[in-house]
Structures are given as structure tokens and as C-alpha cells.
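Participant: One predicted model, sequence on top.
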Amino acid sequence: MIGLIGKKIGMTQLYNDKGDVLPVTVIQAGPCTVTEVRSTTRDGYTAVQLGFGTNKETRFSRPVLGQFKKRNLPPSRHLKEFRVADAAPYEVGQNLTVTLFEPGEHVDIQGVTKGRGFAGVVKRHKFAAGHAGHGPTAGKQPGSIGASAYPSRVIKGKRLPGRMGGVNLTTKNLVVAFVDVEQNLLMVRGAVPGSTNGLVFIKKRGE
């Protein structure tokens with residue numbers, strides 16, 4: 001099953017049949033254009049490349065523009081390949097919309113988390129801060145890192161201060177709550193990684 005490229009709009013609330021409040025994330029899912037079809041004979045694997053969004057032609061290099069003009073397609077701002085078991089049902093120029101998904105289905109959504117900059121161990125790794133009395137001065141310092149005479153070095157993988165966020169993260173097993181075909185909107189229960197207007201990749205669970 002192929003997925004879609006989308007843009008995170010924000011969060012809102014829905015009510016189910018029992019009157020319960022459901023927090024949902026709204027995503028503009030597609031429409032996406034098939035820009036390339038990979039085959040086993042030519043590429044060694046089967047996949048479908050999708051394009052999402054538009055931009056000025058001056059924003060693209062000439063080789064990239066040439067690839068789109070060769071296929072008589074407008075240049076797409078974002079490209080993403082989705083592996084598929086059989087690429088025969090897809091052809092270049094085909095449009096895929098949010099109708100690929102139905103309420104109740106489970107999806108995996110990948111995005112880039114919000115960047116937090118350089119962060120300490122309390123914020124980055126959830127360390128417990130020091131006592132906040134009148135005497136202690138440790139505050140939010142990391143304390144001892146356990147590297148003294150032996151082994152005389154910092155062990156690899158030690159949780160220390162550093163850059164936080166801005167990494168690829170996949171949230172799995174989210175439930176599709178509502179599909180708006182007219183506006184190409186997909187609403188899923190729960191939170192999705194990334195900030196507002198951030199790029200996300202949506203794929204059916206387990207496919």
C-alpha cells in the first residue's frame with residue numbers, strides 16, 4: 001500500500017457517538033502526483049515516487065526541471081519514495097488523494113520533531129534536578145559522569161547535554177478519526193511529530 005505526503009495543520013477536537021472528546025491532529029494529506037515508478041528490472045526494487053506541493057521554477061536546478069519536463073509534469077516541491085509490492089497499478093502523472101484512507105484505519109506518520117536547541121540533561125533526558133533548598137547549588141547540573149582513574153574516558157552513549165530535537169521520528173499505530181475528501185484533510189487521534197506546517201509522511205500500518 002502506498003502512502004501520502006502531507007502537511008501538519010494543527011490540533012483540534014472531535015466528539016464521538018458517545019459524546020467523548022477526541023484530541024486529533026489535522027493533516028493536509030495530498031493531493032500527490034506520481035512522478036516516478038521504480039521497477040525490479042530497471043532499478044532492482046519496486047517503489048513509487050510521489051510529489052507534493054509546488055514552487056517557482058527558479059527554485060529548482062536545471063537537471064531537476066529537466067526530469068519534470070520530460071514527463072510533462074509541473075515541478076513538485078517535495079519528493080518521497082514509497083516501497084510497494086506491486087507498482088503496476090501506478091503510472092506517472094496519476095494523482096493520489098486522501099481517499100486512500102478510511103476512518104478506523106491505523107497509520108504510521110513520520111515527521112521532524114521541533115528543534116529545542118542546546119539543552120541540559122534535565123530537559124533533554126529527564127534527569128532529576130538537585131534539591132531546591134537554601135544550601136544546595138547543584139541546581140540542574142549533570143553531576144558526576146563516572147569516568148575517573150578507570151576507564152579515564154567518557155563512555156560512549158553517555159547521556160549528556162547537547163542538541164535536542166530536530167530529528168526524524170515516526171509515531172506508530174495512530175487511528176484515523178475523520179477524512180475530509182473535499183478539502184484533502186486527514187484527522188488522526190493523538191499527536192504527530194513536528195511543528196505547524198511541517199512536512200509529514202503517512203503510511204498505512206503494517207504495509
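Facilitator: Ah, there it is. Treat the numbers as computed from the prediction; the structure is a model and nothing was measured.
Participant: Looks to me like Val64 is in a helix.
Facilitator: Yes: residue state for Val64 (DSSP: H, G, I helix; E, B strand; the rest coil) corresponds to a helix.
Participant: That one and Glu102: what is the separation?
Facilitator: Val64 is 35 Å from Glu102, where distance means Cβ to Cβ, to the nearest Å. Where you see a C-beta, it was placed from the backbone N, CA and C, and this is true even at glycine.
Participant: now Thr12
Facilitator: 20 Å.
Participant: domain assignment for this structure?
Facilitator: If you go by automatic domain parsing, the domain ranges for the chain are 4-117+164-204, 118-130+139-163.
Participant: got any ranges where this protein has weak pLDDT?
Facilitator: Within the chain, the stretches with pLDDT under 70 are 1, 207.
Participant: With neighbour numbers in mind, choose between Val64 and Glu102.
Facilitator: Comparing Val64 with Glu102 by neighbour count (other Cβ atoms under 10 Å), the higher total belongs to Val64, at 14 against 10.
Participant: Test my guess that the more buried one contacts Ser76.
Facilitator: No: using Cβ atoms under 8 Å, Val64 makes no contact with Ser76, being 9.6 Å away.
Participant: May I ask which helix or strand encompasses Phe201?
Facilitator: Assigned by DSSP states H and E, Phe201 falls within strand 199-204.
Participant: Would you list the strands that that strand pairs with, along with their directions?
Facilitator: strand 4-15 (antiparallel), strand 106-112 (antiparallel) (DSSP bridges).
Participant: Show me the contact partners of it.
Facilitator: 1, 3-8, 27, 29, 78, 80, 82, 100-101, 105-112, 186, 192-194 (Cβ atoms under 8 Å, 6 or more residues apart in numbering).
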